[in-house]
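A.B. asks: sequence plus predicted model, see below.
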Amino acid sequence: MPGDTGRATGTITSLDRDDGRVTIDHGPFEGIAMGAMTMSFALMGDAELTDLSEGDDVVFRVKRGRDGSHRIMEICSIYANGPGCSDIETLHRDIPPSP
């Protein structure tokens, strides 16, 4: 049975820093029943968009709220943060190293 938290990888297609939202073209999630799609997510807690840009490949974790929506708990750039980026080695083996 799917849980309340999940993680996935994807590519940022747009950022709205003022509203704290990010749109990600993501693959299927591990941990929750959500397939691949492009979706806008709100941020929660300490999640930040400061070092992220459109086109960045990211790994991120979401949590389902009481209202049923999924919000980003943690997000990081794969190329900027390397293998320490939220268990990246198990999540995104198909992205080649940065040139």
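C.D. replies: Sure, I can see it.

A.B. asks: which residue, other than its chain neighbours, is closest to residue 12?
C.D. replies: Computed as C-beta to C-beta, 6 or more residues apart in numbering, the closest residue to residue 12 that is not its neighbour in sequence is residue 56, at 4.9 Å. Every C-beta, even on glycine, is put in place using the N, C-alpha and C of the backbone.

A.B. asks: against residue 78, how distant is the one you found?
C.D. replies: 8 Å (C-beta to C-beta, to the nearest Å).

A.B. asks: ok, residue 55 next?
C.D. replies: Taking C-beta to C-beta, one finds residue 55 at 12 Å from residue 78.

A.B. asks: those two: which is more packed in?
C.D. replies: residue 78 (21 against 8; other C-beta atoms under 10 Å).

A.B. asks: once you drop chain neighbours, what's closest to that one?
C.D. replies: residue 57 (4.6 Å).

A.B. asks: so the closest residue to residue 65 other than its chain neighbours: helix, strand or coil?
C.D. replies: Excluding the flanking residues, the one nearest residue 65 by C-beta to C-beta, 6+ apart is residue 71, at 6.0 Å. Residue 71 carries the three-state label strand when classified by DSSP: H, G, I helix; E, B strand; the rest coil.
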